[in-house]
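# Return atomic coordinates for the entry below.
(one chain, ligands or ions: 2)
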Amino acid sequence: ELYIPDGVRRCRDRLWEAGWPTYPVGGCVRDLLLGRTPGDFDLTTAARPETVMALFPRTVPTGMRHGTVTVLTGDGPVEITTFRRESGYTDGRHPGEVRFDATLEEDLARRDFTINAMALAPDGGVIDPFGGRQDLERELIRCVGEPEKRFTEDALRMFRGVRFAAQLGFELQTDTARGIWRCAALAEVLSHERVRGELEKILCSPRPGWARMLFDTGLMRRYGCIPRGAFVTLSRLPRTPEARWAGFCAVVGEEGPSLLETLRLERKTIRACADGFRLWKAGLPQTDEAWRRALWEYGVDGARAGAWMGDWEGRESSPALEQVLRRGDCWSVKELALSGQDLAALGYRGKDIGAAQRQLLDHVLEDPSANTPERLRAYLSETSETIEEDT
Ligand code: ATP
Ligand code: MG
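Numbers count the residues shown, from 1 in each chain. Ligands and ions are numbered 1, 2, ... in the order given. Prediction:
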């Protein structure tokens, strides 16, 4: 028996009571059949969006043009989309016209892959006109219908196909793979955000090696970068966007900024990748002291990104860095046992405060145990005496 959360079940039953056939559909059916926990449950219904809005007290018109209404339930939001069929994709991105006079079969037929084109009947049966269950068993990503036609309608499906292969550990069915090789040039019209989204999911999947296919087929040609190493070994890095994007920069041998900006990554990630790349290229630290100096120069995010690049190469860089971080060694002026105020109280003025802080930091980076007020004061008086002696 496939588990559907109460909130979703109630939405479905309410629509059936009002006379509108309604089914859990798409990714949630796929995940349930795989024994995985669905990320979200989507319903597909014969009711039009206005009808859905009228039937439930709390709704949000999240995508009326596509027929999507979000119903807020005690169990969280449920997306309800009217059966639809699309006609006249003209630009490879947007359905030219969305029509709501469709049947469930037509709604399933517009979906991308057979494993995503199943619905759950109220009696628990699976409505599966395209052999999605069999493809789940055979572990195949197969287009619904003719691959080249489907990729021409929406070029993002090529990225999605590779992404599902990477996430689920499936293979691309032969004609579907061939379709990607043939239609890859169509990817040029896609928005960078959507490409980024799929690429990120591939990089963060258990099989980041699939990213290779995006480059081999030409899906990434517009970005003008060429992998210089293996994507597979990104699996050594944590499955977070920060880590995997850092690794990505190492694979393509680029510091990142312009490429990652084009892909619309967050500023913070772009900055960390660029800093990390410079640290990595300059040679990763071999000692704790060198890690502390790297932290001072590149910050935590930059040092981590650099360390991930080292991990990608098969070094144990992150563990070394994380150990330094866990120990709480001082690696910035802020952490010094003497503050700017303390230095002012000792008689330092203006620029001399900054200079003394840098001198102290340098000392503490070398020997973290020196970071106590007493030892820092002693150090200052020693060094200033030397200076006086010199003059
Ligand atoms: P995820 O677990 O990543 O959410 P998902 O299969 O639910 O996977 P969504 O992007 O949430 O993917 O889309 C929900 C459903 O809508 C899909 O299962 C598929 O049936 C359909 N779908 C989504 N994008 C497309 C597309 N570009 N072309 C055709 N059908 C699509
Ligand atoms: Mg989904």
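
# burial count for whatever residue of the chain ends up closest to ligand 1?
In the chain, no residue comes nearer to ligand 1 than Gly27, which is 2.2 Å away by CB to the nearest ligand atom. Backbone N, C-alpha and C define where each C-beta goes, glycine included. A total of 19 residues lie near Gly27 under the criterion other CB atoms under 10 Å.

# now swap in the one 10 residues further on and tell me
Number of residues near Thr37 (other CB under 10 Å) recorded here: 9.

# quick one: it and Asp31 touch, right?
Yes: with contacts counted by CB atoms under 8 Å, Thr37 reaches Asp31, the gap being 6.7 Å.

# Going by neighbour count, which residues in stretch 197-207 are buried?
Going by neighbour count (16 or more other CB atoms under 10 Å), the buried part of stretch 197-207 is Gly197, Glu198, Leu199, Glu200, Lys201, Ile202, Leu203, Cys204, Ser205, Arg207.

# Also stretch 296-309?
Residues Trp296, Tyr298, Gly299, Asp301, Gly302, Ala303, Arg304, Ala305, Gly306, Ala307, Trp308, Met309 are the ones in stretch 296-309 that count as buried (16+ other CB under 10 Å).

# Dump these into a markdown table; add distance to Asn371 as well.
Output for the buried residues of stretch 296-309, formatted as a markdown table (distance: CB to CB, whole Å):
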| residue | distance to Asn371 |
| --- | --- |
| Trp296 | 13 |
| Tyr298 | 20 |
| Gly299 | 19 |
| Asp301 | 23 |
| Gly302 | 22 |
| Ala303 | 19 |
| Arg304 | 22 |
| Ala305 | 26 |
| Gly306 | 24 |
| Ala307 | 23 |
| Trp308 | 28 |
| Met309 | 29 |
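
# circling back: how about the residue of the chain closest to ligand 1, what does it touch?
Pro38, Gly39, Asp40, Asp42, Asn116 (CB atoms under 8 Å, 6 or more residues apart in numbering).

# what's the answer for Val252, then?
Val252 sits in contact with Cys225, Ile226, Pro227, Arg228, Leu259, where contact means CB under 8 Å, 6+ apart.

# Of these, which qualify as buried by neighbour count?
Cys225, Pro227, Leu259.

# Save those as CSV, and put in pLDDT too.
Listed next are the buried ones among the contacts of Val252 as CSV, based on pLDDT from 0 to 100:
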residue, pLDDT
Cys225, 92
Pro227, 96
Leu259, 94
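
# Now go through the residues you listed and say which are in helices.
Secondary structure assignment by DSSP state H places Leu259 of the buried ones among the contacts of Val252 in helices.

# okay, now the domains of this structure?
According to automatic domain parsing, the chain comprises the domains 1-130, 139-224, 226-329, 333-390.

# hang on, the earlier thing: quick check: of the contacts of Gly27, which lies closest to Pro285?
Gly39 (38.8 Å; CB to CB).

# phi, psi of the closest one?
Dihedral pair for Gly39: phi -70, psi -40, per degrees, to the nearest 10.

# For it, give me its contacts.
Gly27, Asp31.

# any idea how far it lies from Gly27?
7 Å (CB to CB, to the nearest Å).

# Does the host helix or strand of Glu200 reach ligand 1?
Using DSSP states H and E, the element containing Glu200 is helix 192-203. No: using CB under 6 Å from any ligand atom, we find that helix 192-203 stays clear of ligand 1, coming within 7.0 Å at best.

# tell me the mean pLDDT for the very next helix or strand once past that helix?
Next in sequence after helix 192-203, counting helices and strands by DSSP H and E, comes helix 211-217. For helix 211-217, the mean pLDDT works out to 98.

# Now do the helix or strand following helix 211-217 against helix 192-203, angle only.
As assigned by DSSP H and E, the chain's next helix or strand after helix 211-217 is helix 241-252. Per axes from the mean of the first three to the mean of the last three CA atoms, to 10 degrees, the angle that helix 241-252 makes with helix 192-203 is 90 degrees.

# Much appreciated, bye for now.
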